[in-house]
Every structure is written in C-alpha cells, then in structure tokens.
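1. Got a predicted structure here, sequence first:
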Amino acid sequence: MSLTTPVVLKTKITPPLCKEGLVERTRLLDWIQSGVRGRISLVCAPAGFGKTTLLIQWVHARHMQGAWLTLDERDNDPLRFWRYAVHSLAAVVPPALKPKITVLAEELNGLSLISFLDALMNELYELTEPLTWILDDYHVIGDPRIHESLSYFIEYMPEPLHLLVASRNELPFATVKWLSKSESRELGAAGLQFTPDETEILCREGLGPGMTHRQINELNLRTEGWATGLQLALLSLKSGQDIDHFIGQFQGSHRNVTDYIFHEVISGLPDELYQFVLKTSILERFDAEICEAVTEDQESRTKLMQIQKLNLFLIPLDETNEWFRYHHLFTGSIREYFKRHRPESWDRLHRLASEAFTQRGYMDEAIEYAVIAEDFHMAETLLENHIPALLKSGELGNLLRWLDSFPRSYALKPEVELFYAFVLVLTGRFVLAEQRLEHFENEQKDGHPDRWKQLQSGILFVRSNLMFASGDFGNWYAFIGTMLDDILPADPTFYKFNFNVREPFIRRTALGLKGALSPDMENIGGLYLGVLASHGLQESLVYYYVKQSLVEGYYEWNRIDDCRAAMEAMFPVASDAELPGLLLPMLLMRIELHLLEGRSRLAHDLIQEGLEHARVQWNQPWNSLLLARRMRLHVKEGKMSAAKKIAAMLCLSAKDRPTFQREYEYLSYVRLLGRQRKEAEALRLLEQLKPQSVREQLLSSIVEISILQALLEEQRGQRRAALHALHEALLIGERNGYVRSFLDEGKPLRALLTRYAAEAGIGPLDTAQEGEPRRARVSSDYVHSLLQQFSPAEADVIREASAALIEQLSRSETVLLQFIRKGASNKLIASELALSEGTVKVYLSRLYEKLGVSSRTQALLAAQELGLLP
C-alpha cells in the first residue's frame, strides 16, 4: 500500500491567470492596496459579484507579492488546510525562509495546531517586506477548528503580513477588535457592484458601439451592477437580439440565474459543444486529458479553446493554460439540471472522473468522485489503498467524512471496517469506536475460523490503541482473555504504523502518555508486549514503540538494571526498523546509560555515529536533535566553546521566540546560557516555553523546565523563587515516581533539594501568601528518597566537569584567577607578570572563553562553583 507524501496541487496555491478584456476597476484595486498595511481585508458578497476576479486583477495589475490559496470542500480538515497554507506562503517568501516553514508542514502531524501556529508565526517574524496572503472561497470552510486556528493566527501574525479573504459569508469569528484599531476592512456586495461608468466600459468592449448610453444605464439598473448578470446579458446580446426588447425582458438577479444560464446560454451552443460543457460541468478542475477521459471525446483540447474564446465562465488555473475550472455559479446551475434530468449519466461521469484522477495519482479527488457517484465499491477499493497515506499525513477529516458517507446497508470489507474504528480512535470518538469494534467482532467471530484468525491482530492493534488513548482497560482485558494462543499474521499497515514523527523520546508522545508514569501502566505495557509476543508480533513497530516507552520509564524510575536489560533485548532487532522516530530515542537512552557508567567517550562516539547516519538517512529535525544532545554533553563537560558552536549551527539565540516543536533544542541551549551566567536570558526562554508544555500537557517537559528554572534562580541568588520552581517539579515528580530527572542534575540540585527538605519541615513552602490558594504538599518521604538516591558519582557530577576544565587551564590562567580574586587591575597584573596590558587582555579573554563567562565577576563565581580557587 502506498505511503506517499500528500500531493500538493499547484493549481490551488497559484493565482489564476488574469483574463484579457477585463474592466480595470481602479477604485476597488486602490481599496485593496490601501489596506495591505492592516491586519485583514474581507471581500464578502454572494456568488457572481466578481470577488475572485478582483483579487486576480489586483495581484497581476499591481504586481503584488501575494501568497494564494484557493479553498474547496476537501480543505475542511485542519491539517490539510494548514499544510496548504504553508505551501502557499512558501511559494512567495524569501528563499532563506522557505525551507524553514516547509519543514513545519512535514511535522504538522506531530504537533497540536496551536504549537504549529506558534512555530509558523515565529518563522514568519523574519519577514521584512509586506506580504499579502489571499484566501479565496473561504465560505466553503465549516470546520470550527479551522476558524479558531485562523482567528488565533490573525491575532498574533507578524506585522508585515496581511490577510485578504474572499467569501460569500461573513467570517465566523469576531473581527471587531481589529476593526476598532483600523486593522480590519470589509468590501461588500454594494461596493462590488459595477458603476454606470464601469458598465459602459464593459459594454463598449463587449459589443462595440452598438449600445446607447441610455441602454447601458438601463442594463446597469436591471442587473443592479451584478457582474455575472452583466456578463450573461452581453453573451445573449451577441446573438443579435433587439437590445431594448431584451433589456426590458431581462431578469438578471442571481435568484433567477439557474434557468437563465441553462436556457439562454447553454442551449444556444452547437450540440457537440453543448454536450461537452454538460459533461465537464461535474469536474471541479480539469485539463484536456481529464476532459477526454470523462467525455470520451478526442477533441477535448480544441473544445476547451472554443469555450475560452466564447468566454463561457472558464477560469484558467495556471500560467501554462493547462488546468481550468468553471465559475462556481455556472457549474452550480448546470449540475442542478444535469443531476435532476440525467441521473444515470451523472453517476457514470463521476465514475469516469474517479478513474481518470486515479490514473493521474490524485487520490483525494478520485475518492470524492466515487462517493458522489455512490459507487461505494469503487470508493472502498480506492480508500483501502489510500488510507495508509492519509494516516501518515494526519489528514483525517476527509477520511472520516468519506467513511461516514457509506450507507449502513453497505457491508465494508473487514480491513476497511477496522481502519474506520482506528480513525475513530485517532479522532477521539472513543464511544463510537467501541461500538463499531463490538459490532464487528460479533459479526466476524462466528465466520470462518481462518478469517477470524487473520483479523485478530488488527483487532488487537485497534483495541490496544483505544485502551491507551481512552484509559479504558476493562474492555481490553476482556478481549485478550478470549484470544487464541495461535500465532497471528500481522496486518502490514497497522503494525507498521509510525507513532513518533518528531520527538526525541517516546515518553513525550501520546503513546508514551506524555510523561505520565504509574505501576498500572507498567503492568499494562508488559502484559501488552506479552500478548504481542505470544502471537508472533514481537517484531512489529508497535511492539518496539511500547517497549521503548517502558525502557524510558525504567530509566526515569532509576531502575537502571531493568532499563539496560530491556534495551539490550530490543536493540539488536529494533535497529533494523530504519525509523528515526524509534532509533533516535533508543540512541539517546544508550547515551544516558553510558554516561551513568562514566563512559563519556562512548557517548560521544554514539552521537557521532548517529549524526553520520542522520545526514544520509534522516531529515533535518532528527539531525538537530542529535546536535542538541551533543551540546548538552559539551556543557556538562565544561567545553563551552564547542557548545556555543553547536548553538550557532542550530541558529539558537537568547532573543528568539522559542517554539514547542524545537523545545529539546532550546532546553539544551538554556543549559549553555546557564553555564555562561546568562540567567536572565535563559529564564526568559523558559518562561515562554513553559506555557506551551502546559498546554500540550507534557509532564516530562514541565518537570525539566521547572528544574532548570529552580537551578537558574538559585544561581542568581533568588532562593525563594528557586524553591517554588522546584516545588512545582516535585509535585509532578511524586505523582509519577520521577527520579532521574532530579538525579541527572547532580550536585547543584542535591544542594537545593537539601535546603527544600529543611525549609519544608518548618512549613514555609506549604503556606500560601495572603489571597493565594493553599498549595499542594510534597511528601518528605519522596524528597528524602530522592536525596538518598544520589550516588557519590552523581553528587559530584559538576566536579567531574571541573576536572576536565582544570586540565585545560594553563598555569598562567590559574595565576590570573588569583589576581582577579584580589581585585587587581589589568595594569597591575601586567606589571607583576612583566607583560603588556594588551597581552593581559588576550589572556583574560581566553580564560573567559574556557569558563564560558564574559566578565571578571562571572569568572570568579564560575571558578568558585568549579572548585578552581581554594
């Protein structure tokens, strides 16, 4: 089954060509132009008022740098909507910015919408020149999640960006606050109506001098300046009708346009062209090849050219005049007639369209046409092949809509039925998922024994995902109690499902419960692995992912022997999976185990091995995570210069707006800033990262951030703030049995924990300030247990770094430290050592570099912490 990357249609993100002979509506173009410095402009009017044409004119006539996105019904999926949004913006942003935002589209499936938007806006803050993002046909969007996310984007988007929206309806979220700040503008139907002067220009160009000024004014009055009404009238008048009689009879309001388009415009075409237009009207977009397949007419390219010359509402979608669509009002009218009067042809043409788009690889459209034709056998076959790609992309909205479209009377294939239940689990519809699974099992278990056996591994997979997602263990226990002991064939799609697309540790994913740990989960995980192994599924990806999640849990609980044993049992076989989402967490855990044994050289070698593999096999985000791990190791060893070089490679800065998808990198950088005595800069980054982790409910991250805040506050002398931050980490830590998150910070945290234990005993941490709610307690047993688990080697982890640093200091640099402690000036030091003041400055600069500091005061503090001064 195909696991290809989702197709991005260029015709959706490219401004359509500007037709020849259009009236240049200068007043409206000026209106758009004057608003690009604001936040949002809305062009809102019913169908046929020229909204899209106006936006196309503006882009081409004013040579504007506009990112374009044409929306359709299938964009009612938040991931699909924003994936296309990124690609539309990437088409026009500066070259250096393009790869930064396109990688976000690739990672979208692994992020919450808000975290993705934070990351996107963070990158777009690099824009220096004005950029307009155009959303055409926004009225087709009905998903409230998209409305909420777009509103959030508008609220915080960078200043150079302007949003220009065309819609038949008002925006479904409030814009009053932007209107009050003169950052929001709206152009309605009244503003889009053709003025008498514009109508005269249109008529003169369409019919020449054949109409009088009075007739033109009368036509403008009859149509109320409606663009489509005027165009329809001119099409009819070209046939030579009496102008006054026609205008007197013309009813050009959009309420009567259906009959008018069909009877006055379409019926007058030559029969071959008439049939061609009827048949191609079912298509949302088309080229000559698609038209040929649907109409079975070898002259499709010629007929498209004829329609274009007749100006029959044909809109070119690309610069090469290959892809087209009809005006929505035009196709809507014809389809209404066609479906009512020729239902058999309607279904047949949609089947032909489905086949044509399938052959071209446009699977979303192929499935859509099969569903419209109500050819559910065809739709099911296409879905069966396309579901894996949709699961990989995360675009589940359309998938669920298609599956929901099957009538209850239609019996889905068992494999597709299981997919349906799995998608319900992924979208949080747990009750429906349970109902479908129960019904499915009742139907299948009484069937052929061999068939039931083949289905059980898929049922096990879906039920287990439902259990992990919903926390409902009862039904899962009941299910595995009825399973056969025979070996089960693994469904290749389910058991190759990738649970991790961007995280350094499985415990940060939903499968790893975002850092939540409990004995119950250990028991469930172990039992699940046992069930998989007993049925021959111990080499499936889900087995490896659950096993790795347990490995990380054992490490956090400080059960190092269990961690090492599980890792050693899994690594030889799991390493063949060639999935960075599995291999990187395994590699990072092996590094942690080496460091516990004091084998830092092996840790460096593993990182280098991973980097070499990543450059060839993996994409950039995984490579960045490995570099961030190397930076942490350099900081721990006191190799500040090497750590700073990595920070520069990763483009990390203390002035950044850190985003959740790069949290591991920024937390690594925070450690570097802390060693450089840049506590304020480090804390600023943490203050921005923490709310994002809280929003994502990522417990392991909240604990790490809180611990780092505590250490940094302690380092800069804010002891009360340090204890409060540590208290927050301990609250989560105690509930989940965290140990290593504290032990791995070594001596500084042991000292802070010791003081916490002493002060908690007399109550200050348990007493709220006036007006504040009483804070939850951390048990003294937990704190003392942590203190007891610090081994001598771990307690002196900073001392190890000091030893590495002492070897690097020259005798002269040690003497310099002594002079600095005495407060000697550069001039006095130069005199005492018989050096020039310039040479002393050079020596001091080298000393600061080795200590990772930038001043005498910081050098003294670092030297005292590292034990470099008696």
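-> Arrived safely, thanks for sending. Note that this is a predicted model, so its numbers are computed, not measured.

2. Quick check: what element follows whichever helix or strand A643 is part of along the chain?
-> Using DSSP states H and E, A643 sits within helix 640-649. For helix 640-649, the following helix or strand on the C-terminal side (DSSP H and E) is helix 663-675.

3. For that next one, enumerate the helices and strands it packs against.
-> helix 620-637, helix 640-649, helix 679-696, helix 699-715 (3 or more C-beta pairs under 8 Å, 6 or more residues apart in numbering; DSSP states H and E). (Glycine included, C-beta is placed from N, CA and C.)

4. Present those as JSON lines; the columns should include distance to E441 and mean neighbour count.
-> Shown next, in JSON lines, are these (distance: least, C-beta to C-beta, whole Å; neighbours: other C-beta atoms under 10 Å):
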{"stretch": "helix 620-637", "distance to E441": "39", "mean neighbour count": "22"}
{"stretch": "helix 640-649", "distance to E441": "52", "mean neighbour count": "17"}
{"stretch": "helix 679-696", "distance to E441": "34", "mean neighbour count": "18"}
{"stretch": "helix 699-715", "distance to E441": "34", "mean neighbour count": "23"}
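
5. closest to F194 out of those?
-> Among the helices and strands packed on helix 663-675, the nearest to F194 by C-beta to C-beta is helix 679-696 (48.9 Å).

6. related to what we said a few turns ago, list the helices and strands the helix holding A643 packs on?
-> helix 620-637, helix 663-675, helix 837-851.

7. Switch these over to a markdown table; also include mean pLDDT and distance to L29.
-> Below are the helices and strands packed on helix 640-649 laid out as a markdown table (pLDDT from 0 to 100; distance: least, C-beta to C-beta, whole Å):
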| stretch | mean pLDDT | distance to L29 |
| --- | --- | --- |
| helix 620-637 | 90 | 41 |
| helix 663-675 | 94 | 44 |
| helix 837-851 | 79 | 58 |
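
8. So which of these is nearest S149?
-> Across the helices and strands packed on helix 640-649, S149 has its closest neighbour in helix 663-675 (20.3 Å, C-beta to C-beta).

9. Residues in contact with the closest one: which ones?
-> For helix 663-675, contacts defined as C-beta atoms under 8 Å, 6 or more residues apart in numbering pick out 504, 624-625, 627-629, 631-632, 635, 638, 640, 643-644, 647, 650, 652, 654, 656, 658, 679, 681-682, 685-686, 689, 692-693, 701, 704-705, 708, 711-712, 715, 852, 862.

10. Could you pull out the buried residues of it?
-> 663-675 (16 or more other C-beta atoms under 10 Å).

11. wait, what's in contact with R502?
-> If you count contacts by C-beta under 8 Å, 6+ apart, then R502 has E107, G110, L111, G581, P621, Q661 around it.

12. avg pLDDT for the helix holding A643?
-> Regarding helix 640-649, the rounded mean pLDDT is 92.

13. can I get the CA coordinates of that helix in PDB?
-> Provided in PDB are the C-alpha atoms of helix 640-649 (Å, rounded to 0.1, in the frame of the first residue of the first chain):
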ATOM      1  CA  MET A 640      31.800  25.900  26.300                       C
ATOM      2  CA  SER A 641      33.400  26.900  23.000                       C
ATOM      3  CA  ALA A 642      32.200  23.700  21.400                       C
ATOM      4  CA  ALA A 643      28.700  24.000  22.800                       C
ATOM      5  CA  LYS A 644      28.500  27.600  21.500                       C
ATOM      6  CA  LYS A 645      29.500  26.500  18.000                       C
ATOM      7  CA  ILE A 646      26.600  24.000  18.000                       C
ATOM      8  CA  ALA A 647      24.200  26.700  19.200                       C
ATOM      9  CA  ALA A 648      25.300  28.800  16.300                       C
ATOM     10  CA  MET A 649      24.800  25.800  13.900                       C
END
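
14. Now do that helix against helix 663-675, angle only.
-> Computed by axes from the mean of the first three to the mean of the last three C-alpha atoms, to 10 degrees, the angle separating helix 640-649 from helix 663-675 equals 140 degrees.

15. And the strands in this structure, which stretches?
-> Assigned by DSSP state E, the strands in the chain fall at 40-44, 66-70, 131-136, 161-167, 184-187, 314-316, 324-326.

16. strands paired with the third one, and their directions?
-> Right, the one you point to is strand 131-136. strand 66-70 (parallel), strand 161-167 (parallel) (DSSP bridges).

17. okay, the ones you listed in JSON lines with mean pLDDT, distance to H613 and mean neighbour count next?
-> Output for the strands paired with strand 131-136, formatted as JSON lines (pLDDT from 0 to 100; distance: least, C-beta to C-beta, whole Å; neighbours: other C-beta atoms under 10 Å):
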{"stretch": "strand 66-70", "mean pLDDT": "91", "distance to H613": "36", "mean neighbour count": "23"}
{"stretch": "strand 161-167", "mean pLDDT": "92", "distance to H613": "38", "mean neighbour count": "22"}
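
18. so where's the stretch 701-850 of the chain uncertain?
-> Residue ranges of the stretch 701-850 of the chain with pLDDT under 70: 760-775, 792-809, 811.

19. can you tell me which helix in the protein is longest?
-> Counting residues, the longest helix found in the chain (DSSP state H) is helix 449-470.

20. any weak-confidence spans in the stretch 101-250 of the chain?
-> For the stretch 101-250 of the chain, the stretches flagged by pLDDT under 70 are 176-177, 179-182, 206-210, 236, 238-241, 249-250.

21. Grab the nearest non-local neighbour of G361.
-> The shortest distance from G361 to any non-neighbouring residue, by C-beta to C-beta, 6 or more residues apart in numbering, is to V7 (6.8 Å).

22. Hmm, F357 and that neighbour touching each other?
-> No. V7 is beyond contact range of F357, at 10.6 Å (criterion: C-beta atoms under 8 Å).

23. shared neighbours, these two?
-> Residues touching both V7 and F357 (C-beta under 8 Å, 6+ apart): M363.

24. Those two: which is more packed in?
-> Set V7 next to F357 and count neighbours by other C-beta atoms under 10 Å: F357 wins out with 25 against 14.

25. could the strands paired with strand 131-136 be laid out in a markdown table, adding distance to S300?
-> A markdown table is the format used below for the strands paired with strand 131-136 (distance: least, C-beta to C-beta, whole Å):
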| stretch | distance to S300 |
| --- | --- |
| strand 66-70 | 23 |
| strand 161-167 | 30 |
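
26. Select, out of the ones you listed, the one closest to M467.
-> Closest of the strands paired with strand 131-136 to M467 is strand 66-70, at 39.3 Å (criterion: C-beta to C-beta).
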